[in-house]
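Enquirer: sequence first, predicted coordinates after that:
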Amino acid sequence: MQLARVIGTVVATRKDENLHGTTLLLLQPLSADRAPAGRPLVAVDAVGAGAGEEVFFVRGREASFPFHPGEPPVDAGVVGIVDQWDSA
Amino acid sequence: MQLARVIGTVVATRKDENLHGTTLLLLQPLSADRAPAGRPLVAVDAVGAGAGEEVFFVRGREASFPFHPGEPPVDAGVVGIVDQWDSA
Amino acid sequence: MQLARVIGTVVATRKDENLHGTTLLLLQPLSADRAPAGRPLVAVDAVGAGAGEEVFFVRGREASFPFHPGEPPVDAGVVGIVDQWDSA
Amino acid sequence: MQLARVIGTVVATRKDENLHGTTLLLLQPLSADRAPAGRPLVAVDAVGAGAGEEVFFVRGREASFPFHPGEPPVDAGVVGIVDQWDSA
Amino acid sequence: MQLARVIGTVVATRKDENLHGTTLLLLQPLSADRAPAGRPLVAVDAVGAGAGEEVFFVRGREASFPFHPGEPPVDAGVVGIVDQWDSA
């Protein structure tokens, strides 16, 4: 999983039917010291995250697990909102 | 998922039989400010996207989900046409 | 999927038994303007591609789909020979 | 798999329910000569690794295998603590 | 798949139980002209490869196929020892 900040949302009227009802977030991945690291991506929200929050997201088919038995065609999903992390 | 712009199409007469009838789009991934980000790729279309449109695509086996029970050998697929996104 | 040119073949006598009978191609990924993009990789051939041809290949488990019910341990496979592509 | 050093932990109260009870580690991937290589990531712990230890982790759905029949939505997991490695 | 050279082994006493009995190799990926390309990684051996040999490895869940019905949590595995490759 990777750390990220929620920087926005994506609106799409025409999309795969299994995506209806999902929230699509725009994420900026973060390094351990909270600096932007890599390009933003679109992820489905599974935990009610909102703009500005620090989260971690999962890549791959696992991103659809929280929607079981639904199978939205997603490859990235927010699965946790970070309270804090420490880095030695 | 990643944001991208449809920049073309790919024509292939000789291909895996499970790809027959699909539309193969050439995509340019985009950053949050709509600048090209990374190299173009080939994706199967699941939503009727056309040249010039901004879309988001999914990577991995999930790209074949919209074609269920078909199982085209694809690893990238357009699953939504973007109306807009906002980035804080 | 990604565009690529077939630049060679790989010969391996000692290999996983599920790879016997397959053809292993050496591919050079291409950008949209046909320039080399990224490092060469080894892919299994599913369409009869030969040296010099432009193809597109799929990554991941999907690469083994054309060999069903066989399950060769492959993560990249050529699934189409490109006639042409256009890029706006 | 990749070599890494455990550099911290991640605390998240609000997370997918299948993540409850897991330990989330912050990892710094390492090169063969133990230098940092690439950006830190979050991985679930399957072997009781602690801060400062050298480990190797697996990416993808395989990261959830040690939790079977549980299916936590994870894409990286520590599966071994390294005693030593040698590099010719 | 990618070309690589076996540059060492990894010793880990504490590891996931499904990894017991496997051999973990340290690999240096190679470019088509045999130069190091990218960072070393850890892969499970399925063909009896040894230090100094040129091999190709597979990424992803496919790396566990040679151990079926075992399901070791691995994401990279050596599936062939290269006799030669030619690059046009």
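Expert: Yep, it's here. In this text, all values refer to a predicted model and were calculated from it rather than measured experimentally. Numbering: from 1, shown residues only, chains lettered A, B, ... in the order given.

Enquirer: find the closest residue to chain E in chain A.
Expert: As assessed by C-beta to the nearest C-beta, chain E sits closest to residue A:60 within chain A, at 9.7 Å. Backbone N, C-alpha and C define where each C-beta goes, glycine included.

Enquirer: where does that residue land on pLDDT?
Expert: Listed pLDDT for residue A:60 reads 93.

Enquirer: cool, the one 4 residues further on as well?
Expert: Listed pLDDT for residue A:64 reads 93.

Enquirer: and it, that one's in a helix?
Expert: Yes: checked against DSSP: H, G, I helix; E, B strand; the rest coil, residue A:64 lies within a helix.

Enquirer: residues contacting it?
Expert: Neighbouring residues of residue A:64 by C-beta atoms under 8 Å, 6 or more residues apart in numbering or on different chains: A:44, A:70-74, A:77, B:62.

Enquirer: and it, how close does it get to residue A:70?
Expert: Distance from residue A:64 to residue A:70, counting by C-beta to C-beta, to the nearest Å: 7 Å.

Enquirer: between the lengthiest strand in chain A and strand D:2-11, how many degrees?
Expert: In chain A, taking DSSP state E as the definition, the longest strand is strand A:2-11. Calculated by axes from the mean of the first three to the mean of the last three C-alpha atoms, to 10 degrees, strand A:2-11 forms an angle of 70 degrees with strand D:2-11.

Enquirer: pairing partners for strand A:2-11, with directions?
Expert: strand A:24-29 (antiparallel), strand A:54-59 (antiparallel), strand B:84-87 (antiparallel) (DSSP bridges).

Enquirer: just the element for the closest residue to chain D within chain A, please.
Expert: Nearest residue of chain A to chain D: residue A:80, at 3.4 Å (C-beta to the nearest C-beta). Taking DSSP states H and E as the definition, residue A:80 sits inside strand A:76-81.

Enquirer: what's the angle from that strand to strand D:2-11?
Expert: 50 degrees.

Enquirer: check whether strand A:76-81 contacts chain B.
Expert: Yes: for strand A:76-81 and chain B, the contact criterion (C-beta under 8 Å from any C-beta of the partner chain) is met by residue A:76.

Enquirer: for that strand, name the packing helices and strands.
Expert: strand A:24-29, strand A:41-45, strand A:54-59, strand D:14-15 (3 or more C-beta pairs under 8 Å, 6 or more residues apart in numbering or on different chains; DSSP states H and E).

Enquirer: which of the ones you listed sits most buried?
Expert: Mean neighbours per residue, mean count of other C-beta atoms under 10 Å in any protein chain shown, is largest over those for strand A:54-59, with a mean of 25.

Enquirer: figure out which of the helices and strands packed on strand A:76-81 is closest to residue E:13.
Expert: Proximity to residue E:13 (C-beta to C-beta) singles out strand A:54-59 among those, at 29.3 Å.

Enquirer: now that closest one - C-alpha only, PDB.
Expert: Presented in PDB, the C-alpha positions along strand A:54-59 are these (Å, rounded to 0.1, in the frame of the first residue of the first chain):
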ATOM      1  CA  GLU A  54      -4.100  11.400   4.500                       C
ATOM      2  CA  VAL A  55      -4.900   7.800   3.500                       C
ATOM      3  CA  PHE A  56      -3.300   4.600   2.300                       C
ATOM      4  CA  PHE A  57      -4.500   2.900  -0.800                       C
ATOM      5  CA  VAL A  58      -4.200  -0.600  -2.300                       C
ATOM      6  CA  ARG A  59      -3.400  -1.400  -5.900                       C
END
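
Enquirer: and the contacts of it?
Expert: By C-beta under 8 Å, 6+ apart, strand A:54-59 touches A:1-6, A:27, A:30, A:34, A:43, A:47, A:49, A:63, A:75-82, D:10, D:12, D:24, D:42, D:73-75.

Enquirer: if the residue in chain A positioned nearest to chain B is in a bridge, with which residues?
Expert: Residue nearest to chain B within chain A: residue A:15 (3.4 Å; C-beta to the nearest C-beta). On the basis of DSSP bridges, residue A:15 is bridged to residue B:80.

Enquirer: just to revisit the earlier point, next up, the contacts around the residue of chain A closest to chain D.
Expert: Contacts of residue A:80 (C-beta under 8 Å, 6+ apart): A:1, A:47, A:55-56, D:10, D:12, D:14-16, D:19, D:24.

Enquirer: need the residues you listed in a markdown table with pLDDT, can you?
Expert: Shown next, in a markdown table, are the contacts of residue A:80 (pLDDT from 0 to 100):
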| residue | pLDDT |
| --- | --- |
| A:1 | 97 |
| A:47 | 96 |
| A:55 | 98 |
| A:56 | 97 |
| D:10 | 96 |
| D:12 | 96 |
| D:14 | 96 |
| D:15 | 96 |
| D:16 | 95 |
| D:19 | 95 |
| D:24 | 97 |
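
Enquirer: got a PyMOL select line for the buried ones in the contacts of strand A:54-59?
Expert: Provided next is the PyMOL selection string for whichever of those are buried by 16 or more other C-beta atoms under 10 Å in any protein chain shown:
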select buried, (chain A and resi 1+2+3+4+5+6+27+30+43+47+49+63+75+76+77+78+79+80+81+82) or (chain D and resi 10+12+24+42+73+74+75)
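
Enquirer: element containing residue A:73?
Expert: Counting by DSSP H and E, residue A:73 is part of no helix or strand.

Enquirer: isn't it up against residue B:74?
Expert: No: using C-beta atoms under 8 Å, residue A:73 makes no contact with residue B:74, being 11.1 Å away.

Enquirer: which residues are in contact with both of the two?
Expert: Common contacts of residue A:73 and residue B:74 (C-beta under 8 Å, 6+ apart): residue B:63.

Enquirer: export the strands paired with strand A:2-11 as CSV, with columns for distance to residue A:86.
Expert: Formatted as CSV, those follow (distance: least, C-beta to C-beta, whole Å):
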stretch, distance to residue A:86
strand A:24-29, 19
strand A:54-59, 13
strand B:84-87, 29
